[in-house]
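A.B. asks: Prediction below, plus the sequence it came from.
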Amino acid sequence: MPEALAPPSPGALRACMSRFTTGVTIVTYEGDDGPRGATMNSFTSVSADPALVLISVARRARCHDQLLDRPFCVNILGAEQEPLARQFAGAQGAAEPRWVEGARVPRLAHPLAWVECDPWRSHDGGDHTLVLGRVTDLGHRDGDALTYAWSRFGTAVEATDGIEHLI
């Protein structure tokens, strides 16, 4: 039987995974003292029926305990919204958020897309918690997407021909 290999260090894993280009989201929710949010790039669609998405929330994040049992909104950012991503990642004074008035769950104004969710299930994910949300509402607009790779922000230019006709 082969000998078990030692796991990579957290730094080596982060460096390797930084090569995977992702979109950038701000997950928003109603905090104890008003609307709150956190920049996250660990987000994916899980199921169409029922409509489920997944976010991966660091256990050390300030938002962790509140996101486990409250409705939340995944705001997928447009390329022009990098200052908001920086603000919700902790950079002071990067940008002031504008909120949609009357939304059931706090939602940012004019994201590229948004997915409103009710908490559905949570699972242990090591130093993160995997939170599944049941989609209750959504919307999108045209535009370029904000991306993240090599620990830097970038842009994915809106395609003129997509695969929507295949779905």
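C.D. replies: Noted; the coordinates are in hand. It should be emphasised that the depicted structure is a prediction, and the values quoted were computed from it without experimental measurement.

A.B. asks: could you pull out the strands for this protein?
C.D. replies: Taking DSSP state E as the criterion, the chain carries its strands at 22-23, 25-31, 34-40, 43-48, 51-58, 72-76, 113-125, 128-140, 145-149, 152-156.

A.B. asks: Next up, the contacts around residue 105.
C.D. replies: 28, 29, 30, 71, 72, 73, 116, 117 (Cβ atoms under 8 Å, 6 or more residues apart in numbering). Heads up, the C-betas are built off the backbone N, CA and C, glycines and all.

A.B. asks: now for those residues, which pair is the farthest apart?
C.D. replies: Greatest spacing in these, by Cβ to Cβ: 30 and 117 (13.0 Å).

A.B. asks: related to what we said a few turns ago, of the contacts of residue 105, closest to residue 108?
C.D. replies: For these, the nearest to residue 108 is residue 28 (6.3 Å; Cβ to Cβ).

A.B. asks: in the sheet, who's paired with that closest one?
C.D. replies: Here residue 28 sits in beta bridges with residue 37, residue 73, going by DSSP bridges.

A.B. asks: follow-up on the earlier one: possible to save the contacts of residue 105 as JSON lines with distance to residue 58 and pLDDT?
C.D. replies: Listed next are the contacts of residue 105 as JSON lines, based on distance: Cβ to Cβ, whole Å; pLDDT from 0 to 100:
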{"residue": "28", "distance to residue 58": "17", "pLDDT": "98"}
{"residue": "29", "distance to residue 58": "15", "pLDDT": "97"}
{"residue": "30", "distance to residue 58": "20", "pLDDT": "96"}
{"residue": "71", "distance to residue 58": "20", "pLDDT": "98"}
{"residue": "72", "distance to residue 58": "15", "pLDDT": "98"}
{"residue": "73", "distance to residue 58": "19", "pLDDT": "98"}
{"residue": "116", "distance to residue 58": "22", "pLDDT": "98"}
{"residue": "117", "distance to residue 58": "18", "pLDDT": "98"}
